[in-house]
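In: Okay, here's the prediction I keep looking at, along with the sequence it came from:
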Amino acid sequence: MTNATVQGVTIGASGSPPRVLATMNQDGSRRWIDPRPSYGRYWRRRRVVAYSLIALFTALPWVRISGEPALLLDWGARRFTVLGRTFLPTDTLLLALLFLIVFVTVFLVTAVFGRAWCGWGCPQTVYMEFVFRPIERLLSGRRGRGAGGGAVGVGVGGGGFVGSSAARALKLVIFAGISFVLANTFLAYFVGTDRLVEWVVRSPASHPWEFALVLAVTGAMLFDFGYFREQTCMVACPYGRFQSVLLDQSSMIVAYDEARGEPRGRGRGLRRGGGCGASGCGVGSGQCAGSGHGAEPVHGAACAVAGSPAAEQLGGRLGALLGDANGRGASAGDAPAALGDCVDCTMCVQVCPTGIDIRNGLQMECVHCTQCIDACDAVMARVGRPPGLIRYSSQRALRGGPATLVSARVLAYGVVLAALVAGFLLALSTRGGADLMVLRTRGAPFVIPGPGLVGNTVQVRLTNRSGERARFTLRASGTPGAALRGAEEPVTLEPGERRTLSGMIVVPDGALEAGRSSVTVEVLDQAGRVLRSRRAAVVGPVASAAQTPPASTGAKP
């Protein structure tokens with residue numbers, strides 16, 4: 001429970017100073033977070049989104065578009081496939097535009113919706129809150145104890161099997177199994193499903209390094225979801241630190257309405273607007289006969305007047321909270337204070353997966369999971385106050401300004417994003433069905449293949465970018481008399497296949513100027529259309545040396 005002030009009285013961790021991090025104790029040790037779940041309207045919506053995303057994350061590597069994976073980032077082969085389109089390292093412009101589109105999209109979404117990705121779509125949040133934590137709560141026999149709970153895995157409560165050492169061992173086994181599945185799913189995005197299936201069906205002895213990679217990723221997953229947990233969002237992930245420059249006053253955030261909630265307190269006196277709002281509350285009468293007070297302590301904390309049935313039933317603990325700064329109990333003659341709607345129940349802190357107090361304002365650790373909204377709305381319903389004390393809003397709207405999501409920054413991001421997408425689509429449409437690279441071979445810079453000729457040996461890398469089997473032809477042009485020898489025969493390639501051909505670019509020695517010339521190597525389809533061309537420099541002897549041809553075909557200038 002975090003520190004809070006109720007009518008000048010500091011309550012919380014024995015008056016300890018404010019924390020630097022919600023997950024760190026004053027001595028620097030780990031402060032474990034064991035959040036209570038709050039099953040409100042936003043949680044139900046997040047559950048639908050989360051399980052839909054889990055299905056998408058699992059199925060996406062297996063989906064094929066025109067015979068290519070929907071998403072494959074094969075760093076080893078330097079092939080990147082997105083929505084069936086394969087990009088190679090030679091696609092420098094396309095890759096640069098694609099990465100810029102991703103970054104600007106992140107900027108735009110954050111500027112409009114805040115950290116909606118963190119709370120609703122990030123795999124860290126999705127798997128942690130909707131896979132691992134539910135299993136842990138089931139086996140530990142508890143619903144969570146809020147920030148400052150015991151170490152993860154130390155179950156409390158629940159007799160018999162639940163909460164026992166056997167249950168904790170079973171939880172570890174289940175976590176390891178889920179981590180193994182997640183590791184295979186994660187690797188499918190980088191090695192492809194075909195290679196992954198080959199790893200699975202074959203004995204680990206036949207591919208020990210690949211098996212070690214799977215185990216290493218499994219261990220990393222188990223460490224992350226079993227131990228590191230919210231620290232990934234607060235320490236490892238840089239996104240939260242970027243929000244200070246990505247957000248503006250119009251960005252939608254999860255925020256506490258300070259003007260409505262303050263001064264917070266459990267309460268001597270009536271709420272602004274009269275009473276606590278519970279059914280039967282005697283507004284302005286100095287008494288409260290709310291029907292819910294006897295069974296629901298929150299009502300008593302919300303509207304307790306000395307001598308009322310609620311104060312008597314809540315007993316000494318609530319009496320201490322209702323006392324003044326010297327710890328004395330409230331007397332019947334005390335004047336009611338005009339408190340805000342916040343009853344200081346700290347439920348918003350207890351349900352937070354990062355352990356922060358949203359009432360302290362916008363914080364880097366907040367992932368906008370909306371658990372505090374659901375918890376606070378439930379408390380407001382119990383005390384008869386309107387929901388929305390904690391809600392989706394913007395800093396400008398909380399100060400009474402217009403509630404708009406469009407700002408100058410958002411418009412600028414939108415214009416830049418539209419320009420990048422247009423440029424990407426234009427470059428993609430003009431890419432053609434083949435890719436070509438011309439590389440000079442090592443060794444002699446030139447040879448003399450015949451009288452009056454100069455040749456340079458080259459390697460030509462040809463890639464079929466079309467989605468079907470295709471036949472290509474190479475030729476040299478741009479210089480009169482230029483020819484490509486050794487690679488002039490038609491080449492048939494399967495979709496996505498790459499082949500390296502060795503050949504020689506030959507030009508007349510009269511085409512050389514100061515020992516250099518330039519030739520264009522073209523790749524043509526079966527209809528004779530030029531799909532791609534590359535410029536290649538040809539070197540040879542200078543004019544004085546060209547008058548006397550060298551005796552050896554490997555002569556150097």
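Out: Alright, I've got the coordinates. Numbering: from 1, shown residues only.

In: Now do the helices in the stretch 301-450 of the chain.
Out: Assigned by DSSP state H, counting those that start in this stretch, the helices in the stretch 301-450 of the chain fall at 309-322, 347-350, 371-382, 395-398, 408-429.

In: now the last one: mean pLDDT?
Out: Meaning helix 408-429. Averaged over helix 408-429, pLDDT sits at 93.

In: Only the buried residues of that helix, if you could.
Out: The neighbour-count check on helix 408-429 (16 or more other Cβ atoms under 10 Å) flags 409-410, 413, 417, 420, 423-424 as buried. To be clear about C-beta, it is placed using only N, CA and C from the backbone, and glycine gets the same treatment.

In: same check, this time on stretch 458-469
Out: Quick answer for stretch 458-469 (16+ other Cβ under 10 Å): 458, 460-467.

In: again with stretch 514-526
Out: Going by neighbour count (16+ other Cβ under 10 Å), the buried part of stretch 514-526 is 515, 517, 519-525.

In: Nearest to residue 184 among the buried residues of stretch 458-469?
Out: Taking Cβ to Cβ as the measure, residue 184 lies nearest residue 467 of the buried residues of stretch 458-469, at 27.8 Å.

In: rewinding a little: so which of the helices of the stretch 301-450 of the chain gets nearest residue 168?
Out: Proximity to residue 168, assessed across these by Cβ to Cβ, is greatest for helix 347-350 (22.9 Å).

In: Pull the distance from that closest one to the chain's centre.
Out: Its chain's C-alpha centre and that of helix 347-350 lie 25 Å apart, by Cα atoms, centre = their mean, to the nearest Å.

In: packing partners for it?
Out: strand 146-147, helix 371-382 (3 or more Cβ pairs under 8 Å, 6 or more residues apart in numbering; DSSP states H and E).

In: Same list, the ones you listed, but as CSV with distance to residue 94 and mean pLDDT please.
Out: Output for the helices and strands packed on helix 347-350, formatted as CSV (distance: least, Cβ to Cβ, whole Å; pLDDT from 0 to 100):
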stretch, distance to residue 94, mean pLDDT
strand 146-147, 47, 53
helix 371-382, 41, 96
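
In: Out of the ones you listed, which is closest to residue 127?
Out: Between these, helix 371-382 lies closest to residue 127; by Cβ to Cβ that is 16.3 Å.

In: how about low-confidence regions in the stretch 1-150 of the chain?
Out: 1-20, 142-150 (pLDDT under 70).

In: What segments of it are helices?
Out: 41-59, 92-113, 116, 123-127, 133-140.

In: so which of those helices gets nearest residue 390?
Out: helix 41-59 (10.7 Å).

In: which stretches of the stretch 251-400 of the chain form strands?
Out: 253-256, 390-393 (DSSP state E, counting those that start in this stretch).

In: For the first one, list the C-alpha coordinates in PDB.
Out: This means strand 253-256. In PDB, the C-alpha atoms belonging to strand 253-256 read as follows (Å, rounded to 0.1, in the frame of the first residue of the first chain):
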ATOM      1  CA  ILE A 253      -4.100   8.600 -21.300                       C
ATOM      2  CA  VAL A 254      -5.400   6.800 -18.300                       C
ATOM      3  CA  ALA A 255      -5.700   9.600 -15.700                       C
ATOM      4  CA  TYR A 256      -7.100  10.300 -12.300                       C
END
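
In: I'd like the distance between residue 450 and residue 483.
Out: 11 Å (Cβ to Cβ, to the nearest Å).

In: what about these two, which has more around it?
Out: residue 483 (19 against 11; other Cβ atoms under 10 Å).

In: which residues pair with the closest residue to the more buried one other than its chain neighbours across the strands?
Out: Ranked by Cβ to Cβ, 6 or more residues apart in numbering and with sequence neighbours excluded, the top spatial neighbour of residue 483 is residue 506, at 5.0 Å. With DSSP bridges as the criterion, residue 506 is bridged to residue 455, residue 483.

In: Quick one: end-to-end length of stretch 195-212, please.
Out: Across stretch 195-212, the terminal residues are separated by 15 Å (Cα to Cα, to the nearest Å).

In: pLDDT of that stretch, averaged?
Out: 90.

In: on that earlier part again, please convert the helices of the stretch 1-150 of the chain to TSV, extending it with mean neighbour count and distance to residue 78.
Out: Below are these laid out as TSV (neighbours: other Cβ atoms under 10 Å; distance: least, Cβ to Cβ, whole Å):
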stretch	mean neighbour count	distance to residue 78
helix 41-59	15	24
helix 92-113	16	11
helix 116	19	33
helix 123-127	19	25
helix 133-140	18	39
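
In: which stretch among those comes nearest residue 249?
Out: The nearest among the helices of the stretch 1-150 of the chain, by Cβ to Cβ, is helix 92-113 at 10.7 Å.

In: quick check: angle from that closest one to helix 408-429?
Out: 150 degrees (axes from the mean of the first three to the mean of the last three Cα atoms, to 10 degrees).

In: any idea which helix or strand comes after the helix or strand containing residue 195?
Out: Residue 195 belongs to helix 193-201 when assigned by DSSP states H and E. Using DSSP H and E, the next helix or strand after helix 193-201 towards the C-terminus is helix 208-223.

In: Show residues contacting the helix or strand following that next one.
Out: Where DSSP H and E defines the elements, the next helix or strand beyond helix 208-223 is helix 231. The contact list for helix 231 (Cβ atoms under 8 Å, 6 or more residues apart in numbering) reads residue 23.

In: Tell me, domain by domain, which residues of the chain belong where.
Out: 42-234, 434-546 (automatic domain parsing).

In: Show me what the mean pLDDT comes to for the shortest one.
Out: Which is domain 434-546. For domain 434-546, the mean per-residue pLDDT is 81.

In: can you count the residues close to residue 451?
Out: Neighbour count for residue 451, taken as other Cβ under 10 Å: 7.

In: Could you grab the helix/strand/coil label for it?
Out: Secondary structure, DSSP: H, G, I helix; E, B strand; the rest coil: residue 451 is coil.

In: Which of the buried residues of helix 408-429 sits closest to residue 431?
Out: residue 424 (10.8 Å).

In: What residues are bridge-paired with the closest residue to residue 192 other than its chain neighbours?
Out: Excluding its sequence neighbours, the residue lying closest to residue 192 (Cβ to Cβ, 6+ apart) is residue 72, at 5.6 Å. Residue 72 has these beta-bridge partners by DSSP bridges: residue 81.

In: Can you give me every residue that contacts residue 72?
Out: So residue 72 contacts 61, 79-81, 189-190, 192 (Cβ under 8 Å, 6+ apart).

In: Give me the phi and psi for residue 473.
Out: For residue 473, the backbone dihedrals (degrees, to the nearest 10) come out as phi -130, psi 140.

In: Now do the contacts for it.
Out: Residue 473 neighbours (Cβ under 8 Å, 6+ apart): 488, 490-491, 523-524.

In: distance of it from residue 458?
Out: 16 Å.

In: what's the answer for residue 471, then?
Out: Note on residue 471: its distance to residue 458, by Cβ to Cβ, is 21 Å.

In: Also residue 392?
Out: For residue 392 relative to residue 458 (Cβ to Cβ), the value is 61 Å.

In: same deal with residue 479?
Out: 14 Å.

In: what does residue 345 give?
Out: In terms of Cβ to Cβ, residue 345 sits 76 Å off from residue 458.

In: Can you list the buried residues in the helix holding residue 195?
Out: Along helix 193-201, these residues count as buried under the neighbour rule (16+ other Cβ under 10 Å): 193, 195-196, 199.

In: Would you mind putting the domains of the chain into a markdown table with distance to residue 399 alongside?
Out: Below are the domains of the chain laid out as a markdown table (distance: least, Cβ to Cβ, whole Å):
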| stretch | distance to residue 399 |
| --- | --- |
| domain 42-234 | 17 |
| domain 434-546 | 54 |
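
In: For residue 339, which of the ones you listed is the nearest?
Out: Minimum separation from residue 339 across the domains of the chain (Cβ to Cβ) falls at domain 42-234, 23.1 Å.

In: Compute the first-to-last residue distance for that closest one.
Out: Taking Cα to Cα, the first and last residues of domain 42-234 lie 22 Å apart.
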